[in-house]
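**Q** sequence first, then the predicted structure, then my questions.
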Amino acid sequence: MMTEMMFGLRRSARTLLERDGHPGPGPGRLALVMAPSGVGKTAFLVGIGIDALLSGQNVLHISLHCTVEKVRAWYDDLVKELLRREKKLAHAAEIQLEIERRRHIHTYVGRSFSVGKLRQAVELLRETMAFTPRVIIFDQPEMERVERETVEELRRIAGELGAELWLACRTHRQGPPTLPGHLPPPADRMEDLVDLGFRLDSHDTRVRLHIVKDRQEMLDRDLNILLDPETLLLITGVAARRP
């Protein structure tokens, strides 16, 4: 009964992507979420994490710019909002406990990050807690600070674990123009590593989701998915015809 209810709470864009033929990047593959500052990339990634947790998958959330407490608060607040909307707050304690069992948060605020440290942490989780993530979220929106080799190694780790990898990338409204057939800077530096590329577009009180890369194909297609600008969760009823 609890499992059915958790499935029914799924409200991230990942849920609709499954229906649209995009269940996620797949094991060992990378999904990149791009948007300017303030649009909601971290909230979107947390929503992806919650969606995976509600579907019974283990999630490893890595942040280079938020503390563990801040990331946990993101998750707690979004889960409570989901339960409030569905009038299921009475089940909050059970669902929160299940989420805590399936999620680990690693942050590197105030200390250096390296792929070697991440490998050690993953191995420790597997050996001591029998925890293997199926979704890895790497939240460092300032991709200018991330070396291409780091993304390659993250993708390799995801492949070894059978996990899908989600990254955020901050784009710049006043930055260099996007060249035809390419991702916007700075994501263009590693676009060949990206399997699924998404762009969040903010218009007044709306946030719309576009797919801009699907495997080897570059495109710009509005998925007709309308997101709540505060939570970046699906607006009930789904969507979202073009204005």
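**A** Everything's here; your move. For clarity, every value in this text was computed on a predicted model and none was experimentally measured.
**Q** CA only for contacts and neighbour counts going forward, please
**A** Noted.
**Q** just the strands in this structure please.
**A** If you assign secondary structure with DSSP state E, the strands in the chain sit at 30-36, 59-63, 103-107, 135-139, 164-171, 196-203, 206-214, 217-227.
**Q** closest to residue 190 out of these?
**A** Using CA to CA as the measure, strand 30-36 is the one of the strands of the chain that comes nearest residue 190, at 10.3 Å.
**Q** direction included, what does that closest one pair against?
**A** For strand 30-36, the paired strands and their directions (DSSP bridges) are strand 164-171 (parallel), strand 196-203 (parallel).
**Q** just the CA coordinates for it, please, in CSV.
**A** Listed in CSV are the C-alpha atoms of strand 30-36, where the atom choice follows Å, rounded to 0.1, in the frame of the first residue of the first chain:
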residue,chain,number,x,y,z
LEU,A,30,24.4,11.7,-18.5
ALA,A,31,21.5,14.1,-18.4
LEU,A,32,22.4,17.8,-18.3
VAL,A,33,19.9,20.5,-17.1
MET,A,34,20.7,24.0,-18.3
ALA,A,35,19.3,27.3,-17.2
PRO,A,36,20.4,30.8,-16.2
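**Q** ok, and what's touching it?
**A** Counting contacts by CA atoms under 8 Å, 6 or more residues apart in numbering, the residues outside strand 30-36 that touch it are 24-25, 41, 155, 164-173, 193-201.
**Q** include mean pLDDT, mean neighbour count and distance to residue 149 when you put the strands of the chain into TSV, please.
**A** Converted to TSV, those look like this (pLDDT from 0 to 100; neighbours: other CA atoms under 10 Å; distance: least, CA to CA, whole Å):
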stretch	mean pLDDT	mean neighbour count	distance to residue 149
strand 30-36	95	24	14
strand 59-63	96	23	17
strand 103-107	96	18	20
strand 135-139	96	24	14
strand 164-171	95	24	14
strand 196-203	90	20	19
strand 206-214	89	20	21
strand 217-227	85	18	23
